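# Got a sequence here, can you build the structure:
(2 chains, ligands or ions: 1)
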Protein chains: 2
Amino acid sequence: MQGLSCGTSRIVGCRFSVYPMADNFVDVILGALKEVDTSKVWMETDDVTTCIRGRSEHVFDVAKAIFIHAAKTGVHVVFNGTFSVGCPGDSEGDSYMSENDERLNEEASSKEKVEVATQFALYPMNNPDYMQIIADQVEVAKDHGTFTKGIHYASRLDGDANDVFKTLEQSFVNASKTHERSHVTMTAAISANSPSKKDK
Amino acid sequence: MQGLSCGTSRIVGCRFSVYPMADNFVDVILGALKEVDTSKVWMETDDVTTCIRGRSEHVFDVAKAIFIHAAKTGVHVVFNGTFSVGCPGDSEGDSYMSENDERLNEEASSKEKVEVATQFALYPMNNPDYMQIIADQVEVAKDHGTFTKGIHYASRLDGDANDVFKTLEQSFVNASKTHERSHVTMTAAISANSPSKKDK
Ligand SMILES: [Ca+2]
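As a prediction, this is how the structure comes out:
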């Protein structure tokens, strides 16, 4: 059975950071990483971001898990990153594409209740219909019950982190399937435990 | 005289956050904002990001100033945001477009020496030549002496914050001029004072 996926031959990537607004930010990040099984994604961290690549289900599984395990500490934490598929400069033949679709971190992530506010934007590249593709995914978010409103340059989602990540993944996968070789990117800023009043 | 600009009729926006990795993150942000003159941009802050809109020179001037004044505290601070021009959903008639091109924060920003590591990506929308436009702006960054290397899904810049913001602005403005009504977005993660070893 084929789960929600960009397909088995299209490598998906996410370049992101998780920002804990706390003096012990290194401990928060290392603590979260220790709880996440990253064995089904290619992963490289530098001094600015972390990049993970593999099948879409594992990229979303790992990104969500790192964020959730950092946010459950109660510290104000933000995930900020860009998902990408079909970039002409990317290599497709990575061994991580042969992993099966069983998500290694879903069970642990789904147990945590983390309320998030999210702003995301889809960028379907080289496509004259791109505004319609974006509008269609806003409808998906409305169906999921996570959509709050449109804002300048982005859409806002609110709710449980597991639900919001499900909307992000579905929107991204849908947009990636509009053409056989489509290049799509999606930015997302996902915030938990902010002291600011929610602007829903 | 016309300075570096997307033109006087095309409103530019930036949706961004500045993340200080410190317990006193609110003070760092409020302290930085107090030093920045934002009177030439439309500005709105919610619980996830800040959005500024206006002429490109003022959007870049204000974004750079907020980041630099936060980073000069010595705290590990990251700017993460998306610049946008020509979004079909954006309104063009904003009163901020009639401001002159004198930058209100350049003098103060240029006095600060903040070393940064940056990853950025350009997204020229609805354009079959987009990969060439991106490649051309990498050449601009090389000419500026700020380009370090290409990485998955992004390009890396290193150097003084003032020099790096100049490269980002020039690349964005150049890409915005490839067509009369072009829609271009650019993501940038700009990091200062990281405890991690620079991956140059
Ligand atoms: Ca990126």
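# tell me which residues in stretch A:23-42 are buried?
Neighbour counts using 16 or more other Cβ atoms under 10 Å in any protein chain shown place A:23, A:25, A:28-29, A:32-33, A:36, A:38, A:40-42 of stretch A:23-42 among the buried residues. To be clear about C-beta, it is placed using only N, CA and C from the backbone, and glycine gets the same treatment.
# Equivalent analysis for stretch A:151-166, please.
Within stretch A:151-166, the residues scored as buried using 16+ other Cβ under 10 Å are A:151-162, A:164-166.
# same check, this time on stretch A:98-118
For stretch A:98-118, burial by neighbour count (16+ other Cβ under 10 Å) applies to A:99, A:101, A:103-105, A:109, A:114, A:116-118.
# can you pull out the helices in chain A?
Under the criterion DSSP state H, helices of chain A are mapped to A:25-34, A:56-71, A:106-110, A:130-144, A:161-176.
# closest one to residue B:94 among those?
Smallest distance to residue B:94 across the helices of chain A (Cβ to Cβ): 20.7 Å, for helix A:130-144.
# can you tell me how far the residue of chain A most remote from its centre sits from the ion?
No residue in chain A has its C-alpha farther from the mean C-alpha position than residue A:23, which lies at 25.5 Å (Cα atoms, centre = their mean). Relative to the ion, residue A:23 is positioned 27 Å away (Cβ to the ion, to the nearest Å).
# Let me have the buried residues of stretch A:98-118 in CSV, extended by distance to residue B:18.
Converted to CSV, the buried residues of stretch A:98-118 look like this (distance: Cβ to Cβ, whole Å):
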residue, distance to residue B:18
A:99, 37
A:101, 38
A:103, 33
A:104, 34
A:105, 30
A:109, 28
A:114, 23
A:116, 19
A:117, 17
A:118, 18
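# What about chain B: which of the residues you listed touch it?
Near chain B, judged by Cβ under 8 Å from any Cβ of the partner chain, the entries from the buried residues of stretch A:98-118 are A:117-118.
# In chain A, where is pLDDT below threshold?
Applying pLDDT under 70 to chain A flags residues A:1-3, A:8, A:92-93.
# Can you pull the residues of it lying near the ion?
Applying Cβ under 5 Å from the ion, we find that chain A lies next to the ion at A:15, A:82.
# My guess is residue A:130 contacts residue B:124. True?
No. Contact criterion Cβ atoms under 8 Å: residue A:130 and residue B:124 do not qualify, at 11.5 Å.
# Among these two, which residue is more densely surrounded?
residue B:124 (26 against 21; other Cβ atoms under 10 Å in any protein chain shown).
# Enumerate every residue touching the residue positioned nearest the centre of chain A.
Chain A has residue A:60 as the residue nearest its centroid, 5.0 Å off, counting by Cα atoms, centre = their mean. For residue A:60, the contact set (Cβ atoms under 8 Å, 6 or more residues apart in numbering or on different chains) comprises A:14, A:83, A:165, A:168-169, A:172.
# For these, I'd like a selection string for ChimeraX - just the buried members, please.
The buried residues among these can be selected in ChimeraX (16+ other Cβ under 10 Å) with this line:
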select /A:14,83,165,168,169,172
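# when you check chain B, which of the contacts of residue A:60 turn up near it?
Among the contacts of residue A:60, not one lies near chain B by Cβ under 8 Å from any Cβ.
# And the contacts of residue A:60, which is closest to residue B:190?
Nearest to residue B:190 among the contacts of residue A:60, counting by Cβ to Cβ, is residue A:14 at 18.9 Å.
# Name the residues linked to that closest one by a beta bridge.
Beta bridges link residue A:14 to residue A:52, residue A:83 when assigned by DSSP bridges.
# Please look at it and residue A:49 and confirm they touch.
No. The pair residue A:14 and residue A:49 does not pass the contact test of Cβ under 8 Å, sitting 9.4 Å apart.
# Can you pull the phi/psi pair for the residue farthest from the centre of chain A?
Main-chain dihedrals, residue A:23, degrees, to the nearest 10: phi -60, psi -30.
# burial of residue A:146, as a residue count?
Other residues close to residue A:146 by other Cβ under 10 Å number 22.
# Now do the same contact list for it.
Contacts for residue A:146 (Cβ under 8 Å, 6+ apart) come out as A:157-159, A:163-164, A:166-167.
# if you set the cut-off to 10 Å instead, what comes out?
Listed by Cβ atoms under 10 Å, 6 or more residues apart in numbering or on different chains, the contact set of residue A:146 reads A:116, A:118, A:140, A:155-160, A:163-168.
# and what of residue A:150?
By Cβ under 10 Å, 6+ apart, residue A:150 lies in contact with A:135, A:138, A:156, B:89.
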